[in-house]
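# Dropping the sequence and predicted coords here.
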Amino acid sequence: MKQFDFNKKNILIVEDTMTSSRFFDAALSRTNANLLWAEDADEAIKIFDEEKVDLILLDLNLLTTSGFDVLKYIRKKDKNIPIIVQTAYILSGEEEMSFKLGASDFIAKPIKLNQLIETVGKFLNQKEENFTESV
Ligand SMILES: [Mg+2]
């Protein structure tokens, strides 16, 4: 099978739902990415300000805060960092609003493993490498 290698890339995952977090952890740990976690907008902004972040996976529905707040804040400071919005509940206009506020991409849950890895890989600009699974 083919596998992406995101070695040393810092991916900030903004997500408040445990089942989603487990999925992202399982999917992205295999790519050797370094995963940073935030559960709400304040945590996400704090990590973005303090760490070198290469890509952000952003849930829109965050406890008491909105992913849109994170999107607005980060886009004001950084025009280029890839921000992939991902959400379970697609309300009317959410996708359009995400792109209007500067999202790089938008994916709807449930997210398929390949879809996630390929979308992240597209932005991290890594070349695909042949991967031999060892048993
Ligand atoms: Mg959520």
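Right, received. Where do you want to start? Numbering: from 1, shown residues only.

# residues in contact with the residue of the chain found nearest the ion?
Here the residue of the chain nearest the ion is Asn61; by CB to the ion that distance is 3.9 Å. For every residue, glycine as well, the C-beta is placed using N, CA and C. For Asn61, the contacting residues are 16, 67, 87-89, by CB atoms under 8 Å, 6 or more residues apart in numbering.

# which element is Ile56 on?
Element membership of Ile56, judged by DSSP states H and E, is strand 55-59.

# can you map out the strands along the chain?
Secondary structure of the chain (DSSP state E): strands located at 2-3, 10-14, 34-38, 55-59, 61-62, 65-66, 83-87, 105-108, 129-130.

# Generate a markdown table for the ones you listed, with mean pLDDT and distance to Glu94 as supplementary columns.
Output for those, formatted as a markdown table (pLDDT from 0 to 100; distance: least, CB to CB, whole Å):
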| stretch | mean pLDDT | distance to Glu94 |
| --- | --- | --- |
| strand 2-3 | 62 | 31 |
| strand 10-14 | 97 | 15 |
| strand 34-38 | 97 | 20 |
| strand 55-59 | 97 | 12 |
| strand 61-62 | 89 | 10 |
| strand 65-66 | 88 | 10 |
| strand 83-87 | 95 | 6 |
| strand 105-108 | 94 | 8 |
| strand 129-130 | 48 | 35 |
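
# got these as TSV, with distance to Ser21 columns?
Shown next, in TSV, are the strands of the chain (distance: least, CB to CB, whole Å):
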stretch	distance to Ser21
strand 2-3	21
strand 10-14	7
strand 34-38	7
strand 55-59	9
strand 61-62	12
strand 65-66	16
strand 83-87	12
strand 105-108	16
strand 129-130	27
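
# List the contacts of the residue nearest the centre of the chain.
Nearest residue to the geometric centre of the chain (CA atoms, centre = their mean): Leu57, 1.4 Å. Contacts for Leu57 (CB under 8 Å, 6+ apart) come out as 11-15, 24, 84, 86, 120.

# Filtering those by proximity to the ion, which remain?
When CB under 5 Å from the ion is applied, no member of these is adjacent to the ion.

# okay if I get the contacts of Asn61 as TSV plus neighbour count and distance to Lys76?
As requested, the contacts of Asn61 are exported to TSV (neighbours: other CB atoms under 10 Å; distance: CB to CB, whole Å):
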residue	neighbour count	distance to Lys76
Asp16	17	23
Gly67	27	15
Thr87	20	21
Ala88	14	26
Tyr89	9	26
